[in-house]
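> just coords:
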DNA sequence: GTCTATATAGCGATAGAC
DNA sequence: GTCTATCGCTATATAGAC
């Protein structure tokens, strides 16, 4: 229904469509409860045809993770244009708050995926989501360092941990207020931080 | 769970053994990746015999959740014997820290279960884990109220959210240091709180 | 390149022997 | 009450027609 041109060039369209569909469905239903038919249906692609683009279901999981990583990179890239690193961090929190309805319904896309993948045996994508989280931690750490904070990595962990915690709780309890309240608390915490100080008790 | 009269046989309480085995295996492997054979094997019970004690797999999931709730109740019950509510809350955080190796390997038992169950459709235990979390929030809220804090529920959410966040991150990154560092931060935060104050950033 | 039909395997659940 | 054997379903993955 989208394109009038069915296969552009090499059919990379369907591959991308499948990846986007996978990102959405896997987030909503979880990896284990999602069938290839679910993803194929969401992407408007015949079930058996999926294997022409992705050799296994795990390849689709990887593609979904890459989608989430790309979204995150786009967001941090936009925030990088802000002059003040503190404003960048606050912009990140505000982005989380603006997406709170998604978090309430399905949790953080990367966080819930990490929980699910961690239950797998070693060497089967069990640490794949960790890479995305680490990328976010690295970015936040850079901002705290630019602000002259003494323990930038620790502050980054506190920030991302705060987001993961509030997303999990809001999702489990189906309570949007947790997102707004805890989000406001994180913003206040960012404002309260002063350069070089050791204050991390927020 | 229901009756103590039902499975009080002389061959050992298999029902309880199955529930305990379910709590452990479901935590480590996740609900969807755990088969009844896994649980039966862990409990040293023949596979087909499981259905004599639990009618469905979901009944075993409920029993596992009840085990986690019981452990939590036992912990808070012990902490209730402390005179100072602040010491009770700090005791809770210290208990979390002492269990950090488990959290690093498999995450918070209730939290990861909540994430997994939330992916289900409505009416299929999708909110079962939320009840256990709510119980913990209620207990923490009582302690903050006893301390004379102005927003006891909000503080309880911040505390439990902090635990869930640090467990998720430590688990995803397989990093025990996150548990000790963030745990220490929570202890410092509890110490910094002063009665009736609105300070939640600090 | 695209899609249909099907092979194969594994799991939850049941029937029924003892 | 305890356990074995097995059914029926579903989902991943493949073979091969168009």
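On my side now, so go ahead. Remember, predicted model here, so these are calculated numbers, not experimental data.

> What about residue A:44, how many residues nearby?
12 (other CB atoms under 10 Å in any protein chain shown). Quick note: C-beta positions are derived from backbone N, CA and C, even for glycine.

> sorry, that was for residue A:137
Residue A:137: 19 surrounding residues under other CB under 10 Å.

> what about it, is that helix, strand or coil?
Following DSSP: H, G, I helix; E, B strand; the rest coil, the label given to residue A:137 is helix.

> try residue A:149
Look at residue A:149: counting by three-state DSSP, its state is coil.

> Tell me who's in contact with residue A:136.
Applying CB atoms under 8 Å, 6 or more residues apart in numbering or on different chains, we find residue A:136 in contact with A:72, A:76, A:110, A:160.

> Looking at those, which is nearest chain B?
residue A:160 (6.5 Å; CB to the nearest CB).

> Check the contacts of residue A:136 and tell me the two furthest apart.
Comparing all pairs in those by CB to CB, the longest separation belongs to A:76 and A:110, at 13.3 Å.

> The two: who's more crowded?
Counted by other CB under 10 Å, residue A:76 and residue A:110 do not tie: residue A:110 has more neighbours, with 25 against 20.

> The more buried one against residue A:133, yeah?
Yes - look at residue A:110 against residue A:133 with CB atoms under 8 Å: they come within range, at 6.1 Å.

> who in chain A is up against DNA strand D?
A:34-37, A:47-48, A:51, A:55-58 (CB under 7 Å from any atom of the strand).

> Compare the residues you listed and tell me which has the most neighbours.
The residue in those with the most neighbours, by other CB under 10 Å, is residue A:34 (21 neighbours).

> Give me the local confidence score for that residue.
On pLDDT, residue A:34 comes in at 98.

> Please report the distance of it from residue A:102.
Distance, residue A:34 to residue A:102, by CB to CB, to the nearest Å: 17 Å.

> and if you look at residue A:21?
Residue A:21 sits at a distance of 16 Å from residue A:102 (criterion: CB to CB).

> residue ranges with poor pLDDT in chain A?
Scanning chain A for pLDDT under 70 picks out A:1-11, A:196-202.

> Between the residues of chain A next to DNA strand D, which sits nearest residue B:156?
Of the residues of chain A next to DNA strand D, the one sitting nearest to residue B:156 (CB to CB) turns out to be residue A:34, at 33.9 Å.

> Now for the closest one: which residues touch it?
Residues near residue A:34 by CB under 8 Å, 6+ apart: A:25-26.

> In which helix or strand does it reside?
Assigned by DSSP states H and E, residue A:34 belongs to no helix or strand.

> One more: the one 5 residues further on?
Using DSSP H and E, the secondary-structure element containing residue A:39 is helix A:36-42.

> Report how many residues lie close to residue A:138.
Around residue A:138 there are 12 residues (other CB under 10 Å).

> Next, find the distance separating it from residue A:157.
11 Å.

> again, but for residue A:61
Residue A:61 sits 26 Å away from residue A:157, going by CB to CB.
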